[in-house]
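**Student:** Okay, sequence plus prediction incoming.
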Amino acid sequence: MIRKLGSGEKVPFTQHLAELRTRLIFCVVFLGAAFIGCYAVSDKLLTPFARMLGAKMVFLTPMEALMAYMNIAFYAALAISVPVIVYQLWSFIAPGLVEKEKRFAAPVIVSASVLFFVGVAFCWFVVLPFAIQFLMSYGGDVMTPMISVNAYMSFCLSMMLVFGLVFELPLVVVFIHAVGLVSLDALRNFRRYWIVVAFIIGAIVTPTPDVINQTLTSLPLIVLYEISLVYIYLFGRRKVEKDKA
């Protein structure tokens, strides 16, 4: 069984499998090395989370403290490995693409990575500090916080993951327009409804009923939607001018 490269050269399918296995092994080895390095400094990686909490964390089982260090080391190693994984993925699929597909795929991969990290950073610097401060204030003088390190880290990391995915919105909008599901005019008309949807999403993903925190979450979604429309408009206009030429 053979598979054709973008240049027209045919390569046996078994060779593609061998290449895929080699690249996967490289990614796993790199991730493992990054994990070892991150685990060596896992106490320093955990410190900012503890500082944000403003209270000393506890562990409820003998293994929980160790697992907390391993989890934070793994997620940090995964973040470090993302550029390598993306590069290996691109290097594997690029030979099978034509030049037009290559020009489209490369910006998508880079944009997806950048938007994800922007979402994670927004959650870390904006959402989590407000959310944790608000939730911790519920204890008042009648309750003493005893936060499980595993539960706390799961909360923080899941929130950062959710915001990383939510910030992929521009790619989703551009994609559904590119495949012809919706027109630019339809997206523009949907703008007023998107504002409502954005605030609903903000209310769902924000762990507090605080209006300010929910607004801080919703506004970037509205801005990202507008950026998507601007990109579609500029790209579409450039394409029309190129076709006329």
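**Tutor:** Yep, that arrived. Residues are numbered from 1 along each chain as shown.
**Student:** Can you name every helix or strand that the longest helix seen in the chain contacts?
**Tutor:** Counting residues, the longest helix in the chain under DSSP state H turns out to be helix 211-244. On a contact count with 3 or more CB pairs under 8 Å, 6 or more residues apart in numbering; DSSP states H and E, helix 211-244 meets helix 128-136, helix 169-178, helix 184-189, helix 191-205. (C-beta placed from N, C-alpha, C; glycine too.)
**Student:** So for that helix, mean pLDDT?
**Tutor:** Per-region confidence: helix 211-244 scores 76 on mean pLDDT.
**Student:** Likewise for stretch 191-203?
**Tutor:** 89.
**Student:** From the chain's centroid, how far away is that stretch?
**Tutor:** Taking the mean of its C-alpha atoms, stretch 191-203 sits 20 Å from the chain's own mean (CA atoms, centre = their mean, to the nearest Å).
**Student:** Which residues does it contact?
**Tutor:** By CB atoms under 8 Å, 6 or more residues apart in numbering, the surrounding residues in contact with stretch 191-203 are 166, 214-215, 217-219, 221-222, 225-226, 229.
**Student:** Farthest-apart pair in the residues you listed, please.
**Tutor:** Q214 and L229 (23.4 Å; CB to CB).
**Student:** got the phi/psi numbers for S148?
**Tutor:** Dihedral pair for S148: phi -70, psi 130, per degrees, to the nearest 10.
**Student:** doesn't K56 make contact with it?
**Tutor:** No: S148 sits out of contact with K56 when judged by CB atoms under 8 Å, with a separation of 11.7 Å.
**Student:** Show me which of the two is the more surrounded one.
**Tutor:** A direct count of neighbours by other CB atoms under 10 Å for S148 and K56 places S148 higher, at 16 against 10.
**Student:** Identify the bridge partners of that one.
**Tutor:** Counting by DSSP bridges, S148 is bridged to V58.
**Student:** so who does it touch?
**Tutor:** So S148 contacts 57-60, 64 (CB under 8 Å, 6+ apart).
**Student:** Mark which of the contacts of stretch 191-203 are buried, thanks.
**Tutor:** Buried members of those, counted by 16 or more other CB atoms under 10 Å: 166, 214, 217-218, 221-222, 225, 229.
**Student:** still on that earlier bit, distance to A203 added to the contacts of stretch 191-203, as JSON lines?
**Tutor:** Converted to JSON lines, the contacts of stretch 191-203 look like this (distance: CB to CB, whole Å):
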{"residue": "V166", "distance to A203": "13"}
{"residue": "Q214", "distance to A203": "5"}
{"residue": "T215", "distance to A203": "10"}
{"residue": "T217", "distance to A203": "8"}
{"residue": "S218", "distance to A203": "8"}
{"residue": "L219", "distance to A203": "13"}
{"residue": "L221", "distance to A203": "12"}
{"residue": "I222", "distance to A203": "14"}
{"residue": "Y225", "distance to A203": "17"}
{"residue": "E226", "distance to A203": "20"}
{"residue": "L229", "distance to A203": "24"}
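**Student:** Quick check: of the residues you listed, which lies closest to A18?
**Tutor:** Nearest member of the contacts of stretch 191-203 to A18, counting by CB to CB, is V166, at 37.7 Å.
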